[in-house]
Structure formats: structure tokens, C-alpha cells
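[1] when you get a sec, could you give me coordinates for this:
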Amino acid sequence: MIKGVISDMDGVMLDSEKLYVRFWCEAARFYGFPMQKEHALGIRSMARPFAIAKLQGWFGSQFNYDAVRNKRVELMDSYVSAHGIEAKPGAETLLKWLKQNGFRVALATATPVERATEYLRQVGLADYFDAICSARQVAKGKPEPDIYLYAAGRLGLKPEACLALEDSTNGVRSASAAGCKTVLVPDLDNPSQELKHYLFATAEHLESVIKIIQKTNAAA
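    All right, here's what the predicted structure looks like:
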């Protein structure tokens, strides 16, 4: 039986992954590194140590992760302050259904808790979550399983009783390694063949997650 749902934020609940890609690239180019969309997608949801290794592998040891990341934060904060942020289609419909039907709900994101909470408040989704969990609260971020294990614990559930919603390779690996039933909700790219054996299901959009839960629990 599925008793809880743990969701990534960027690209799943919020239509913000496109902003991360844009501003990672702009920040890197500000410092002279020719980052492209595929590079930014490659570090999506990835914890700092893994991202540093990946980026320096692409651009050399002179790539200053902290300087580029700080510039990315500055650029994105300025954009969000001026233009706001948007929820993904179907996010509120799904979250409302989950709460009405007694499911526990947590967020598992690389974003700091305060920033994640503020983003969710801006789009009216914060109150649907029983727990907001950040990679900064665990020893290792995605693709390691720590954040999903932590989020399940915050909900008082075993990972096996939780459905995980992810849009990235690193997130899928994290949730799957924790033992969650992992559902891919594609955002900026399509799932690769290597990803498919990690997945419990693929959802075309967030509202279709409702049917996945209903079907799974009916068969349990």
C-alpha cells in the first residue's frame, strides 16, 4: 500500500528547472566557461561534491563551483523577484487529492528549506506538505538515498510505503536506492533506457499520478 508521497520540487512541483538551466549557463559563461543546456541538465538535483567533480571533468580544475553557483543564485533570485515562479500544471490538483485522501506528503529537494518553503508559498502549495526536506539536512545529497530515507522518516513511514516523484536521473537513482516506488514525471528531457529499470512507473503529468496510486492500492 502507498501511504505517502515524497516529491522533488524543481521540475516536478514547480516549473523552475528551466530557470536553473538558464542561469547555470549564464553564470558559467560570466566566468568564461561554455556551459550548455546538456551540462546543466547533467547536474540536475546533484549534490555539491558530485556536481563539482562532474563540472571540473567537463571544464577543468579551474572551474570554481562556488563562484559560479553564487552567481547563478544571484541571477535567479533577481529573475524570480521580478517575475515570480510558477507551479507545474496539476500540482495543486494532485496535492489537494492526496490531503483529502489521507496521504502523508513530503518534499525532497536540493534547495535549502527556507528558500523551498518561500517558493511553495508563492504558488500556494506550502501548506499541503507535512515535511519539507533539504539535502542540507543529510550527509549526502542525490543521487545517494539519504534525503528520501530522511523524508520517509519525517513522515513516519517506511520508504517502501512511499511513492517518489522525480524528473531527473539523479533524483530517480536517489529515490530508487532508498526503496521508494519511484515515478518519473518528465520535464525537460525524456527518460533514458538506463533509467527505466529504476522506475515503478512513468506519469505523463502530475494528475495521472492519482491513477497510479489508485491502481497500486487497489491491487495491494
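[2] C-alpha from now on. contacts and neighbour counts both.
    Will do.
[3] what helices or strands is the helix or strand bottoming out on mean pLDDT in the chain leaning on?
    Using mean pLDDT, DSSP states H and E, the weakest-scoring helix or strand in the chain turns out to be helix 37-42, at a mean of 92. If you count contacts as 3 or more CA pairs under 8 Å, 6 or more residues apart in numbering; DSSP states H and E, helix 37-42 packs onto helix 17-30.
[4] got the contact list for the helix it packs on?
    10-11, 34-37, 40-41, 68-69, 71-73, 75-76, 188 (CA atoms under 8 Å, 6 or more residues apart in numbering).
[5] could you rerun that using 10 Å?
    Contact partners of helix 17-30, identified using CA atoms under 10 Å, 6 or more residues apart in numbering, comprise 9-11, 16, 32-45, 63-65, 67-77, 79-80, 85, 167, 187-188.
[6] what of stretch 77-92?
    For stretch 77-92, using CA under 10 Å, 6+ apart, the contacting residues are 9-16, 19, 23, 71-73, 76, 96, 98, 119-120, 122-125, 128, 187, 205-209.
[7] toward the C-terminus, what is the element adjacent to the lengthiest helix in the chain?
    If you go by DSSP state H, the chain has its longest helix at helix 65-83. Once the chain leaves helix 65-83, the next helix or strand it forms, by DSSP states H and E, is helix 91-100.
[8] next helix or strand past that next one?
    If you walk from helix 91-100 toward the C-terminus, the next helix or strand you reach (DSSP H and E) is strand 104-109.
[9] hmm, back to that, got a ChimeraX select line for the buried ones in the contacts of helix 17-30?
    Buried residues within these, by 16 or more other CA atoms under 10 Å, are selected in ChimeraX with:
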select :9,10,11,16,33,35,39,40,41,42,43,44,45,63,65,68,69,71,72,73,75,76,85,167,187
